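J.: coordinates only, sequence not included:
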């Protein structure tokens, strides 16, 4: 059985039997580069939500999303540090080879979204004063956290020839991106008014849902070390999943803009045609902007699935 040595833990073989690794926790986990990076993540997210909470500088769905992001990232990073310090990786309910990098990738995307959404939908409309200063500082620390999480992903991702978990590979990280983009799409189409008037648009929503579920299943199978439970080889499963998602998203990329922005299909090609998209500031995104955002995110996810298909197909050919 291969023995994996991580950057922050020492893995040895116990005397109870050959091949059974015992992970020893140590305070050195905080003095190694990866441990120091996680401390930076912990501090920056803590400062971000503390600054905002101290002056109540969050309102509406976008403000709540940013606040949730910083609190969630702080809590999970703290759990990871406790597990590393206590040497509890073997007792952790999820695969430790896959969980930290999966979380770091999600956290980087979460903090990136908060660093963009919070200042553009909230901070810029605050009047000058203590609340605005705290909000700007929180945005700065959110950006620092985003860079810290992205750095962890770059440090811990798989290198050529390295034996590691699937989630540390490019296809695994693409799965994270695909599910995250799908979640953002769901947030933008939370109002059924955007799609219920056309069966074609309902198909697009079904595409987003089906592809999200399939990608989430692939991630959960790896986090739970359950890939051997599939009736077919896991690489073949991934290739089939990626191919199906590419075909589905290709239809959505055509249908969604066609029915949302083409006047022939009762769409609105210009933002000015949507009376709800005025210049008055509100803490929500107007319907036309939501439609445009979904169209852009659909294209981004299609590109991600195409790249996923290329990498997954290559893995099948290599194993063959």
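T.: Perfect, I can see it now. The structure presented is a predicted model; accordingly, all values stated were derived computationally and were not measured.
J.: list the contacts for residue 138?
T.: When contacts are counted by C-beta atoms under 8 Å, 6 or more residues apart in numbering, residue 138 is found next to 47-49, 51-52, 57, 70, 118. Bear in mind the C-beta positions are built from the backbone N, C-alpha and C, glycine included.
J.: what helix or strand is it located in?
T.: Using DSSP states H and E, residue 138 sits within helix 130-156.
J.: circling back: and of the contacts of residue 138, the nearest to residue 169?
T.: Comparing those against residue 169 with C-beta to C-beta places residue 70 closest, at 28.5 Å.
J.: tell me who's in contact with the nearest residue to that closest one once chain neighbours are set aside.
T.: In space, and not counting its chain neighbours, residue 70 is closest to residue 49: 3.8 Å by C-beta to C-beta, 6 or more residues apart in numbering. Residues near residue 49 by C-beta under 8 Å, 6+ apart: 67, 70-71, 74, 138.
J.: pLDDT weak spots in this protein?
T.: Applying pLDDT under 70 to the chain flags residues 1-27, 161, 275-276, 278-284, 315-320.
J.: switch to 50 and redo it
T.: 1-24, 320 (pLDDT under 50).
J.: tell me where it has strands.
T.: Along the chain, counting by DSSP state E, strands occupy 10-13, 21-24.
J.: before we move on, back to that, out of the contacts of residue 49, the closest to residue 303 would be?
T.: Nearest to residue 303, judged by C-beta to C-beta, of these is residue 70 at 28.6 Å.
J.: so the closest one touches residue 114, yeah?
T.: Yes - because the distance of 6.7 Å satisfies C-beta atoms under 8 Å, residue 70 is recorded as touching residue 114.
J.: domain-wise, how is this protein divided?
T.: According to the domain assignment given by automatic domain parsing, the chain is divided into the following structural domains: 1-160, 169-320.
J.: contact partners for the residue nearest the centre of the chain?
T.: The centre of the chain sits closest to residue 106, judged by C-alpha atoms, centre = their mean, with a distance of 3.2 Å. Residues in contact with residue 106 (C-beta under 8 Å, 6+ apart) are 176, 180.
J.: please begin residue numbering at 507 from this point
T.: New numbering, starting at 507: the last item is residue 612.
J.: and it, how far is that from residue 661?
T.: Computed with C-beta to C-beta, to the nearest Å, the distance linking residue 612 and residue 661 is 16 Å.
J.: could I get the buried residue list for stretch 599-608?
T.: When burial is assessed from 16 or more other C-beta atoms under 10 Å, stretch 599-608 yields the following buried residues: 601-608.
J.: er, stretch 704-715 I mean
T.: Buried residues in stretch 704-715 (16+ other C-beta under 10 Å): 704, 707, 709-711, 713-714.
J.: the helices in the chain, which residues?
T.: When secondary structure is read from DSSP state H, the chain shows helices at 539-561, 566-592, 605-627, 636-662, 676-694, 705-729, 740-767, 793-825.
J.: those helices into CSV, with extra columns for distance to residue 778?
T.: As requested, the helices of the chain are arranged in CSV below (distance: least, C-beta to C-beta, whole Å):
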stretch, distance to residue 778
helix 539-561, 34
helix 566-592, 23
helix 605-627, 20
helix 636-662, 30
helix 676-694, 20
helix 705-729, 22
helix 740-767, 13
helix 793-825, 9
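J.: most packed of those helices?
T.: Highest mean neighbour count among the helices of the chain (mean count of other C-beta atoms under 10 Å): helix 605-627, with a mean of 23.
J.: tell me the angle of that one relative to helix 676-694?
T.: 40 degrees (axes from the mean of the first three to the mean of the last three C-alpha atoms, to 10 degrees).
J.: quick check: angle from helix 605-627 to helix 636-662?
T.: Computed by the same axes, to 10 degrees, the angle between helix 605-627 and helix 636-662 is 150 degrees.
J.: quick check: angle from helix 605-627 to helix 539-561?
T.: If you take the same axes, to 10 degrees, helix 605-627 sits at 30 degrees to helix 539-561.
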